[in-house]
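Engineer: Requesting a structural model of the entry that follows:
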Amino acid sequence: MEVTLNQHIEITPGVRSGKPRIAGTRMTVGDIATLYLRMGQSLDLIAGKYHLSLASVYAAMAYYYDHRDEIEQSIQDDEAFADALQSNYPSRLQAKLKESRGE
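Structural biologist: The predicted model follows:
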């Protein structure tokens, strides 16, 4: 029996912080899962929009379901990091827009 998931998903230290990703790209399994599960994009749409093979997108979702807890924790960690950055470094543009509206 041949296992083909390995040809679609790779983990490389130093590339996207060592997160599992579609081989030869910077798209992580978490990126695909977020687009599909949280944003409601179809796997066909994701494949076309990001110039990925449909097989690799399905492989990413298979990997996600095999490692769901780990991937979800990584997504939550990334969201917490982004929230912390946003609160520590507010947008100057947003501040100017609020100022111009008198808020």
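Engineer: and the residue minimising distance to the centre of the chain, how far is that from Ala95?
Structural biologist: Closest to where the C-alpha atoms of the chain average out (CA atoms, centre = their mean) is Asp31, at 1.7 Å. Distance, Asp31 to Ala95, using CB to CB, to the nearest Å: 30 Å. Bear in mind the C-beta positions are built from the backbone N, C-alpha and C, glycine included.
Engineer: Now the residue nearest to the centre of the chain. Nearest residue, chain neighbours left out?
Structural biologist: Arg21 (7.9 Å; CB to CB, 6 or more residues apart in numbering).
Engineer: Might you report the residue contacts of the one you found?
Structural biologist: Going by CB atoms under 8 Å, 6 or more residues apart in numbering, Arg21 touches Ile9, Glu10, Ile11, Thr12, Val15, Met27, Thr28, Val29, Asp31.
Engineer: Quick check: ChimeraX command selecting the buried ones in those.
Structural biologist: Here is the ChimeraX command that selects the buried residues among those (16 or more other CB atoms under 10 Å):
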select :9,27,28,29,31
